[in-house]
Each structure stands twice: as structure tokens, then as C-alpha cells.
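J.: Can you look at this prediction? I've put the sequence above it.
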Amino acid sequence: MPYINIRLGAVLNNIQKEELFKTTTSLMNTVMKKRQEVTVVHIQESEASQWSTNSEQLSSNVPIGAYVDIKVTKGTNTPEEKKEMIAKTIKMLQDIVGTMQEACYVVIDDISADSWGYNGKTQAMRVNKT
């Protein structure tokens with residue numbers, strides 16, 4: 001039940017958004033072994049001028065500012081899977097959105113199974129079938 005929030009200092013067209021939705025969901029399935037039917041991808045766009053790197057406001061010219069936050073249940077992925085996911089997420093952004101800032105971050109948050117869930121049940125309840 002991963003949740004992925006992709007924040008960008010750019011405004012995307014619908015084709016780019018669809019590609020990000022599809023590719024992110026696919027990566028979560030193939031790299032992180034997460035079920036596609038419960039994978040949520042949220043894209044947040046803002047003007048480049050709302051971002052800065054090294055205290056310099058970005059412009060609408062490349063490179064683009066980005067921050068990706070991936071939330072998964074703690075203990076369900078190996079360090080190798082996380083490393084691969086981070087690398088492939090950056091590659092996906094470059095392929096679909098364009099040139100990224102060097103300070104383009106991907107964070108994988110490992111959340112305790114008793115601290116989150118979906119459809120009214122925690123992940124711990126799902127594992128323990130209670």
C-alpha cells in the first residue's frame with residue numbers, strides 16, 4: 001500500500017502526468033514488490049519560481065526542481081530494492097519531465113505497520129488477519 005508524492009517545480013501536460021502515474025506504479029510493482037491496485041501516486045506541480053537551490057530561485061528553464069516521497073511499510077523492502085528504486089525514480093523523472101536539479105531528492109519512508117493502513121485497517125491488522 002505505497003503512497004508516492006511527486007512534487008515538481010514545473011507544470012506538466014496530461015501525457016507527462018499519465019506517464020508518471022503508469023511508470024511510478026510499475027516501478028513500485030517490479031522493484032519494490034508492491035501491489036498495483038493499492039498503489040497511490042500523487043503529483044503536485046508548482047511554478048519553478050517557488051523552488052530554490054543554493055538559495056537561488058529557479059526559473060522555468062531547465063533544470064527542474066523535484067522531491068519524491070515514497071511511503072512503504074517498514075521492513076518490507078531490502079536496502080538493495082530501495083537503492084534501485086531511488087535510481088530508477090530519478091531516471092524516470094529525467095525521461096518524462098526533463099533535466100532535473102542535482103539536488104533532486106527521493107526519500108523512502110519506512111512506516112511502522114501499526115502506524116498506517118487503508119480501508120480502515122492498519123497494515124499490522126492485515127498481516128495478523130485481525
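T.: Okay, I see it. In this text, all values refer to a predicted model and were calculated from it rather than measured experimentally.

J.: Now the helix or strand bottoming out on mean pLDDT in the chain: buried residues?
T.: Lowest by mean pLDDT, DSSP states H and E among the helices and strands of the chain is helix 123-128, with a mean of 80. Across helix 123-128, burial judged by 16 or more other Cβ atoms under 10 Å covers Gln123. C-beta coordinates here come from the backbone N, C-alpha and C atoms, glycine included.

J.: In contact with Lys71, which residues?
T.: Listed by Cβ atoms under 8 Å, 6 or more residues apart in numbering, the contact partners of Lys71 are 2-4, 109, 111, 116.

J.: what's the helix or strand for it?
T.: strand 66-73 (DSSP states H and E).

J.: Within the sheet, what are the partner strands of that strand, with directions?
T.: Note on strand 66-73: by DSSP bridges, its sheet partners are strand 3-8 (antiparallel), strand 105-111 (parallel).

J.: Next secondary structure after the shortest one?
T.: Elements were assigned by DSSP H and E; along the chain past strand 3-8, the next helix or strand is helix 14-30.

J.: Also the last one?
T.: Next in sequence after strand 105-111, counting helices and strands by DSSP H and E, comes strand 117-118.

J.: so what does that following strand touch, helix or strand wise?
T.: helix 123-128 (3 or more Cβ pairs under 8 Å, 6 or more residues apart in numbering; DSSP states H and E).

J.: And the contacts of the helix it packs on?
T.: 1, 73, 112-114, 116-117.

J.: related to what we said a few turns ago, redo the strands paired with strand 66-73 as TSV? Include mean neighbour count.
T.: Below are the strands paired with strand 66-73 laid out as TSV (neighbours: other Cβ atoms under 10 Å):
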stretch	mean neighbour count
strand 3-8	20
strand 105-111	15
